[in-house]
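**Q** Sequence and predicted structure below; questions after.
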Amino acid sequence: MKIGGLQKLTLLDYPGQIACIVFTKGCNFRCPFCQNAGLVVPERDDGYEVDKEEVFSYLEKRRGMLEGVVVTGGEPLIWPELDRFLARVKGLGYRVKLDTNGSFPEHLRKLLDQKLLDYVAMDIKQAPGRYGAACGLPGQEIARKADRSLRLLRASGIPFELRTTLVRGIHRPEDVTAMAEWIAGPEPYYLQSYVDSGQILAPEGLSAFSEEELRELTALAGKFCPAAVLRR
């Protein structure tokens, strides 16, 4: 498993927990609006890696101060050895939050069955019929996998959230309605604005919605997802 970065402290990324963030390299998606192109596309990789033992050395020293570890990417579930990594993290007494694109339901099921996850944030990229436009892959099968992952999370009993980055050039109001109707449920659903971080994978033709448009799109989502909120 390749680790592209370690953020040693976050008070925002794991609800209710003082945490650090581990960024894994590699992803099966090629979302045009991806903000971490250096972790996703090999030709944009700067070659920097963090040794796993360095991560565990840090976690050992911070026991009793840090409470959780966020594992994000890239897409962490592309790595089979993630299971062993998370087992070591849990063995140190930390709670684990996983960020995932939802396209590996069987690996997600395995982690849930092993009780290696305490919280999950799953991306919803687009409405099922237009998923490919957002993830850069043939979308129909990916949407089915995301649906299976969502069902697994709902059956697991662990807390989780769903989130969508809204991008002009990718999403239309009718897409937001279709997404919300598809995932309709009580879970927190965070809609967030596209931001050009300077590391966008393919920014041509993409831009942010206005604040008023974002509020309108969030209201559309709220018709099916009562916990939909605009995250700033």
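**A** Yep, it's here.
**Q** Hmm, Thr24 is touching Glu81, no?
**A** No. Using Cβ atoms under 8 Å, Thr24 is not in contact with Glu81; the gap is 10.3 Å. Quick note: C-beta positions are derived from backbone N, CA and C, even for glycine.
**Q** The two: which has the busier surroundings?
**A** Comparing Thr24 with Glu81 by other Cβ atoms under 10 Å, the one with more neighbours is Thr24, at 23 against 9.
**Q** Tell me, what's the model's pLDDT at that one?
**A** On pLDDT, Thr24 comes in at 97.
**Q** which residues sit in contact with it?
**A** Counting by Cβ atoms under 8 Å, 6 or more residues apart in numbering, Thr24 makes contact with 1-4, 39, 71-76, 78-79, 82.
**Q** And Val120, by the same measure?
**A** Contacts of Val120 by Cβ under 8 Å, 6+ apart are Lys97, Leu98, Asp99, Thr100, Leu108, Leu153, Ile158, Phe160, Glu161.
**Q** Select only the buried ones of the residues you listed in ChimeraX?
**A** Applying 16 or more other Cβ atoms under 10 Å to those leaves a buried subset, and the ChimeraX line that selects it is:
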select :97,98,99,100,108,153,160,161
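**Q** okay, the contacts of Val120 in a markdown table with pLDDT and distance to Gln192 next?
**A** Below are the contacts of Val120 laid out as a markdown table (pLDDT from 0 to 100; distance: Cβ to Cβ, whole Å):
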| residue | pLDDT | distance to Gln192 |
| --- | --- | --- |
| Lys97 | 98 | 17 |
| Leu98 | 98 | 18 |
| Asp99 | 98 | 13 |
| Thr100 | 98 | 16 |
| Leu108 | 98 | 22 |
| Leu153 | 98 | 19 |
| Ile158 | 98 | 22 |
| Phe160 | 98 | 16 |
| Glu161 | 98 | 11 |
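**Q** Quick check: of the contacts of Thr24, which lies closest to Met179?
**A** Comparing those against Met179 with Cβ to Cβ places Glu75 closest, at 19.7 Å.
**Q** Could I get the CA-only coordinates of stretch 126-142 as CSV?
**A** Extracted in CSV, the C-alpha atoms of stretch 126-142 (Å, rounded to 0.1, in the frame of the first residue of the first chain):
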residue,chain,number,x,y,z
GLN,A,126,-23.7,11.6,-10.2
ALA,A,127,-27.2,10.3,-10.9
PRO,A,128,-27.0,6.6,-12.0
GLY,A,129,-27.7,7.3,-15.6
ARG,A,130,-24.8,9.8,-15.9
TYR,A,131,-22.3,8.3,-13.5
GLY,A,132,-19.7,7.9,-16.1
ALA,A,133,-19.5,11.6,-16.8
ALA,A,134,-18.4,12.2,-13.2
CYS,A,135,-16.1,9.3,-12.6
GLY,A,136,-14.4,8.9,-16.0
LEU,A,137,-15.4,5.3,-16.3
PRO,A,138,-18.4,3.5,-17.9
GLY,A,139,-21.0,4.5,-15.4
GLN,A,140,-23.7,1.9,-15.3
GLU,A,141,-21.7,-0.8,-13.5
ILE,A,142,-20.0,1.7,-11.2
